[in-house]
Structures are given as structure tokens and as C-alpha cells.
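Engineer: When you get a sec, could you give me coordinates for this:
(one chain, ligands or ions: 1)
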Amino acid sequence: MANNTITNEIEKRRTFAIISHPDAGKTTLTEKFLLYGGAINTAGSVKGKANSKYAVSDWMEIEKERGISVTSSVLQFDYNGFCINILDTPGHQDFSEDTYRTLMAADSAVMVIDASKGVEAQTIKLFKVCVMRHIPIFTFINKMDRDARDSFELLDDIESVLGIRTCPVNWPIGSGKSFKGIYDRKAKTVRTFESVSTGGSKSAAETDFNIEDSELKELVTDDLYNQLVEEIGLLDGASDPLDLELVQKGELSPVFFGSALTTFGVETFLKYFLEMTTSPLPRLSNEGIIDPVENDFSAFVFKIQANMNKSHRDRIAFMRICSGKFNAEKEVFHVQSGRKLKLSQPQQIMAQDRQVIQEAYAGDVIGVFDPGIFSIGDTLTLPGNKFEYEGIPTFAPEHFCRVVQLNSMKRKQFVKGITQIAQEGAIQIFQEYSAGMSEIIVGVVGVLQFDVLKYRLENEYGCEIRLESLPYGYIRWVGDPSTDVTKLKRLNNVKTVKDMKGNPLLLFVNDWMIRMVLEDNEGLELLEFKKN
Ligand code: G4P
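Structural biologist: Residues are numbered from 1 along each chain as shown. You can find the predicted model right below:
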């Protein structure tokens, strides 16, 4: 049973991930959140421009220097009595399975969409993981200061492409040069937008008006005002009501419009978001539901970062605290190995830098040095508690290469290296049905992982390899692992492989072939995630 301080600390925590397609404005929005929280003082601190400054959110400068950053990170700041943890989900080059795993540690997700583009590929991928977890998804439609697609069309896009209902919390008046502001549907007020340039950086002058205010009518032009009134009427008549229960279940996404660059709409978003999200939620273990407040310390490992510092060959395990309070002085119990241990140098990211911490609470993410005992999905508790959290699924890689080992004398190191790297979760390895370990196929979620693999095999295990690109882009686990895949119909151009646990999988060149195979093999189930 937690004391008052622990309860208060946990209840003020909000832990969410930001997801978007690259360039939609995730970094800019994160930065504006941090500015509100007073965690940073100047815009531009979160992401430095190419090779000048590193992102605050970049764990590994060393890896950056080697050009193979594979990181995702956590930022913590206080705002309005809340303690907010933002989990970054790296995009661009850094996209990897870790990006998906990070979503396993979040209690909700903020989806940033570029108003001129709508839903894009990477958002779809990350969204699917959020849906699998039934976590609340909040939408921020960004860049309204630029010419945007029609707002109703954007909502349609979200609903049809992602299959989630939407409920606009506010509504834009125009976009681009004619962007005049945002109407708050609950308060029935309009906050007007006027772009101002202050010393080279952009911001917005904001004024609040009642919707009936004559001054407002003058400011926004008759056409836009009439359009707004008409659209509000349509929304009130046709859009879903803001049912918080559906929001909590991840079935209805509250939608906000704004412009992160000019900080317009960001504070409103934060205010409503914090009202609608919950503190850390209970999680399922093999001994039932674990309550964040009622239960003692527990956590699960969702990411392992190898070689943060090459000379030490260290590994950092990132864990999400699910219940109670973590105290660095106390021993914890690693359920999978049955060992009691003290977590060494626990750290947390506080906006600008890493800090060694003494305590943390449910909702927080900490990184600890891993003496090589942790695996992704492992559970930590206090001695005496032996429950395990549900494992983290394996996600379908999208890029595949055949690995050719160049020096056959180094066979042992090669097998050891590639198996270890796969265990850390950076890559997945598969075998063809006909071949043994001599033919290994590597699958990754982001192509950068191929460079990481090559680099690490050479530098840590002394093995030279060549990677031969394969044409497949889709892999699916066969739902029933006892299926004899050699008997399946329509498998021309489909490769059958197995993972390290012997589970059968099929590799496809395109989506269409998946549908064909499903059509021709009645009862066959193909899965995009493999539950562990
Ligand atoms: P990401 O993390 O999702 O990849 O996107 P990021 O925030 O880096 O934003 C991508 C580009 O979009 C940046 O421009 C950023 O300034 C711009 N941007 C973000 N939000 C808005 C917005 O609300 N309005 C407008 N007009 N632009 C926005 P860049 O030219 O690539 O970089 P920079 O030179 O501006 O830093």
C-alpha cells in the first residue's frame, strides 16, 4: 500500500509517446511542450541542425558520430502540477523496432499530422501498434499556418485510413495566409492568429473572442466567418460526441488543430490533453492486474541499447516503471533470472541531459547499466514478488538481406555475434527451410540496422560480412505454428522461413500476394505481430 507521497507522485504522471511521419513537426511540438514546462529556454534546443548540435533527445552522441544512431529517448518535465514523460519515437533513418517497442511503454499517444499531407506511411505503422494496445490517441493537425487540406477531408482521411473515429475539440478558420485562428468547441470562443516575426523566429499573437463578438467578424472577413458558422453547425450535427470512455479505449481520437512552429494551439492542446489522459494505468501480469499505486515497485524492460560507450562495451536497459516507487538504494528482483540485484547507475533524461537518479515512480522510464542479464520484455519487482508482465511482441521487419560471411574460419564468432545482436532486438534472423545456419536472412524494421549489424560484427566480433538485398518487403507469422508451410498453395515467389524459435513465416514481395495466399488457403492466419 503506497503512502501519500508515492500516490501523489504517481497520480501526477502522464507518460505518452509522440508519433508522426518524418517532418510533420514532432520535434517542433515536443520543443514547444518543453518550453511551456520551462524545461528549456530557447527554441531550437531539441534538435540542432545537421551536425551542429545534437538533439536533447539523442541518447548517443557516440553513435551519431559513427553515423549510426539507433536511439529513442525520454524527456521529463513538470507542467501545471503534472509530471510529464514524453517518449520519442525516432523516425527517418533511426526508425527501428525500438520505435515500436517504445509504444509499449506509453499510456497514450499523440499523433502529429501535417495538415497539407494527411495521414502518411510511418504514422500508419505506429498507429497500428497503438491500436493493438488500445491506448488513447490524440491527434494534433499541424502546420495550419501553411496551406492545408480541407479540414473535413483530413478527418475523413484519419477515419478511413486509420479506422478510428474522430472528434474535433477545436476547429480552424482558414489556413496558410488566410489562417485566422481556432474555434474552441467547448468554450465557444475563437482564439485569433496573427503571425509575428520576433528576431527571426516565428510566433503568433493571440486574442480570445466570443464567437458572437463583432470585432471578431471584422478580423476574420465575412466569408471565413460565415464558413466557420456553417462548419460548426455541421460538426455539431454530424460529428461524434466527445465520449471520454471511447477515448480511453483508443476508439475515438480527439483532434486539435494548430501550428507548432508558431506555438499556436499548443497550450490549448496541452490543457485538454492533460484533462483527458489518465495517470499510469494498471498493467496485466501473469498473476493478474498490477495497480500502479497499490502495488510495490515493478517495471519491465522495453529496450536495450548496446555499446553506449564502445570502450566499455556497455549495455543500457530501459525500463518502464509500472507500479510503486523505485529506490536506487534497494535491491530489486529480476524475475526471469531469479536474481536479486541493485540496479547500477539508474538514469533519467531531464530535458537537457542524463542524470543519475535516486528515485522514480510508476510512469517513469529509467535506464540502467545492464551486466548482460536483461532481455526485452523482462520484469523487475521487489524481492518476494514473482509476477511477470506480458512479453513485448515481435514486430514484422520490412527489409531483408541474405548475410554472407566472408571468412569461413570465423564461423563461431559469426554465429555468436549475430545471435547476440538478434537477442538485443536490433535485428531479427531467419533461416530458410532448406538451409542451416549457413544461410541466414536478416530482417530489420529500418534499413540503418543493416549498417549497425555490419559495423558491429566487424568491430566487436571481427567478422566481415556481405549483405545481399532481397526483394521482400512483408513478413507474416503463420498463426498456427504447427502448419506445414510446404503444403500451402500459391507459394510461387513467396519464401518460407523460420525464426530462431522454429516458428514458420512467409516472406512476400507485396501486399497483394499476401491477400492471394490468404484467399487460396482457407483457414490460414497470417500475423503482423508475434506475441512473446
Ligand atoms: P519531425 O520531428 O516530425 O521530423 O519534424 P520537425 O519538427 O523537425 O519539423 C519539420 C519541418 O517542419 C521543420 O522545418 C519545422 O520548422 C517545420 N514545421 C514544424 N511545425 C511547423 C508549423 O506548425 N508550421 C510550419 N510552417 N512549419 C512547421 P525545416 O525547414 O525542415 O527545419 P527548420 O529549419 O525550420 O528547423
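
Engineer: Tell me the confidence at the residue in the stretch 101-250 of the chain that the ligand sits nearest to?
Structural biologist: When you check the stretch 101-250 of the chain against the ligand by CB to the nearest ligand atom, the closest residue turns out to be residue 143, at 4.0 Å. C-beta coordinates here come from the backbone N, C-alpha and C atoms, glycine included. At residue 143, the model reports a pLDDT of 98.

Engineer: Spit out the contact partners of it.
Structural biologist: When contacts are counted by CB atoms under 8 Å, 6 or more residues apart in numbering, residue 143 touches 24-25, 114-116, 259-261.

Engineer: From residue 111, how far out is it?
Structural biologist: 14 Å (CB to CB, to the nearest Å).

Engineer: Could you do residue 281 as well?
Structural biologist: When residue 281 is compared with residue 111 (using CB to CB), they lie 19 Å apart.

Engineer: which ones are touching the residue nearest to residue 118 when sequence neighbours are not counted?
Structural biologist: Once flanking residues are discounted, residue 118 sits nearest to residue 157: 4.2 Å by CB to CB, 6 or more residues apart in numbering. Counting by CB under 8 Å, 6+ apart, residue 157 touches 118-119, 149.

Engineer: would you list these in JSON lines and tack on distance to residue 443, neighbour count and pLDDT?
Structural biologist: Output for the contacts of residue 157, formatted as JSON lines (distance: CB to CB, whole Å; neighbours: other CB atoms under 10 Å; pLDDT from 0 to 100):
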{"residue": "118", "distance to residue 443": "29", "neighbour count": "19", "pLDDT": "96"}
{"residue": "119", "distance to residue 443": "25", "neighbour count": "21", "pLDDT": "96"}
{"residue": "149", "distance to residue 443": "35", "neighbour count": "17", "pLDDT": "97"}
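
Engineer: In helices only, show me those.
Structural biologist: Per DSSP state H, helices hold no members of those.

Engineer: show me what contacts the nearest residue to residue 105 once chain neighbours are set aside?
Structural biologist: Leaving aside its sequence neighbours, residue 105 sits nearest to residue 320 (CB to CB, 6+ apart; 3.8 Å). Residue 320 makes contacts with 15, 104-105, 299-300, 302, 364-365, as judged by CB under 8 Å, 6+ apart.

Engineer: Residue 28 falls within a helix, correct?
Structural biologist: Yes: checked against DSSP: H, G, I helix; E, B strand; the rest coil, residue 28 lies within a helix.

Engineer: From residue 260, how far off is it?
Structural biologist: Distance, residue 28 to residue 260, using CB to CB: 4 Å.

Engineer: Show me which of those two is the more surrounded one.
Structural biologist: Neighbour totals were compared for residue 28 and residue 260, and residue 260 leads with 25 against 22 (other CB atoms under 10 Å).

Engineer: Please verify my assumption that the more buried one contacts residue 23.
Structural biologist: No: between residue 260 and residue 23 there is no contact, the gap being 11.8 Å when judged by CB atoms under 8 Å.

Engineer: neighbours around the nearest residue to residue 291 once chain neighbours are set aside, how many?
Structural biologist: Counting by CB to CB, 6+ apart, residue 291 lies nearest to residue 282, which is 5.0 Å off, once chain neighbours are set aside. Counted with other CB under 10 Å, residues neighbouring residue 282 total 16.

Engineer: and the residue nearest to residue 118, that's in a helix?
Structural biologist: Yes: Residue 157: assigned to a helix according to three-state DSSP.

Engineer: Would you mind measuring from it to residue 164?
Structural biologist: 11 Å.

Engineer: And the next helix or strand past the helix-or-strand element of the chain with minimal mean pLDDT?
Structural biologist: Ranking every helix and strand in the chain by mean pLDDT, DSSP states H and E puts helix 61-65 at the bottom, with a mean of 41. Note on helix 61-65: by DSSP states H and E, the next helix or strand toward the C-terminus is strand 74-79.

Engineer: Rounded mean pLDDT for that following strand, please.
Structural biologist: 85.

Engineer: Within its sheet, name the partner strands of that strand and how each one runs.
Structural biologist: strand 82-88 (antiparallel) (DSSP bridges).

Engineer: Quick one: distance of the strand it pairs with to the chain centre.
Structural biologist: Here the centre of strand 82-88 is set off from its chain's centre by 13 Å, with CA atoms, centre = their mean, to the nearest Å.

Engineer: any idea of the mean pLDDT for it?
Structural biologist: 90.

Engineer: Equivalent analysis for stretch 476-492, please.
Structural biologist: 91.

Engineer: and it, C-alpha only, in CSV?
Structural biologist: Only the C-alpha atoms of stretch 476-492 are listed here, as CSV (Å, rounded to 0.1, in the frame of the first residue of the first chain):
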residue,chain,number,x,y,z
ARG,A,476,4.0,-12.7,-41.7
TRP,A,477,4.0,-15.2,-38.9
VAL,A,478,1.8,-18.2,-39.6
GLY,A,479,-0.9,-18.1,-37.0
ASP,A,480,-0.8,-21.8,-36.2
PRO,A,481,2.9,-22.7,-35.8
SER,A,482,2.2,-26.4,-36.4
THR,A,483,1.1,-25.6,-40.0
ASP,A,484,3.1,-27.5,-42.7
VAL,A,485,4.1,-24.5,-44.8
THR,A,486,5.5,-26.6,-47.6
LYS,A,487,1.9,-27.7,-48.3
LEU,A,488,0.4,-24.2,-48.6
LYS,A,489,-0.9,-23.3,-52.1
ARG,A,490,0.2,-20.3,-54.2
LEU,A,491,3.6,-20.0,-52.8
ASN,A,492,5.5,-19.1,-56.0
